[in-house]
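Trainee: I need the structure of the sequence given here:
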Amino acid sequence: MKRLIIQLWQSSLDNPQLAATPFFFASAAAAMDMEVKVHMLGASVEMFVKNNERRHQTIPPMNRRLSDFIDDAIRTGVKFYPCSTAMRDRSLQLTDLIDGVNEIIGMVSMLDEATQDNTTVLTF
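Mentor: Next up, the predicted model:
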């Protein structure tokens, strides 16, 4: 099975119009029966905080909320993994994040997964 890892590095709530694309890619790849994981780095973890109203910003010209794109990806089976450093820097716990976000992982785990055979990594 092909594996796709999407690294959210520059994607953030500060530019929500640019943040929707990785979720399109993730959902499409999952629909193609790929194993899809999203590694959430830096400020991108803020898009997944339950009580962060900014995650519901409407994105023109599609006029859909960013959270709707994320929910679509979760429904298609995409797995989400926040970076331990990003979580620590923001004093966040896994319970602070929306349902559908999996375990917290560190840089070594991310690098190990990203360098496996039959794996493609896209960074947004």
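Trainee: which other residues reach the least confident helix or strand in the chain by mean pLDDT?
Mentor: Ranked by mean pLDDT, DSSP states H and E, the weakest helix or strand in the chain is helix 16-19, scoring a mean of 88. Contact with helix 16-19 is made by 8, 10-13, 44, 47, 54, 57, 59-60, 66, 69, 124, as judged by Cβ atoms under 8 Å, 6 or more residues apart in numbering. No exception for glycine: its C-beta is placed from N, CA and C like everyone else's.
Trainee: Centre of the chain to it, how far?
Mentor: Computed by Cα atoms, centre = their mean, to the nearest Å, the chain-centroid distance of helix 16-19 equals 12 Å.
Trainee: Can you give me the buried ones in it?
Mentor: For helix 16-19, burial by neighbour count (16 or more other Cβ atoms under 10 Å) applies to 16, 19.
Trainee: show me what contacts residue 90?
Mentor: By Cβ under 8 Å, 6+ apart, the contact set of residue 90 is 45-46.
Trainee: State the phi and psi torsions of the residue nearest the centre of the chain.
Mentor: A centroid search over the chain (Cα atoms, centre = their mean) returns residue 38, at 4.4 Å, as the residue closest to the centre. Main-chain torsions, residue 38, degrees, to the nearest 10: phi -110, psi 120.
Trainee: That one: what's it in contact with?
Mentor: Per Cβ under 8 Å, 6+ apart, neighbours of residue 38: 5-8, 22, 26, 73, 78-81.
Trainee: If we use 6 Å, what do you get?
Mentor: For residue 38, the contact set (Cβ atoms under 6 Å, 6 or more residues apart in numbering) comprises 6, 26, 80.
Trainee: Turn those into a markdown table, including neighbour count, secondary structure and distance to residue 114.
Mentor: What follows is these, written out as a markdown table (neighbours: other Cβ atoms under 10 Å; DSSP: H, G, I helix; E, B strand; the rest coil; distance: Cβ to Cβ, whole Å):
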| residue | neighbour count | secondary structure | distance to residue 114 |
| --- | --- | --- | --- |
| 6 | 25 | strand | 11 |
| 26 | 30 | helix | 15 |
| 80 | 24 | strand | 15 |
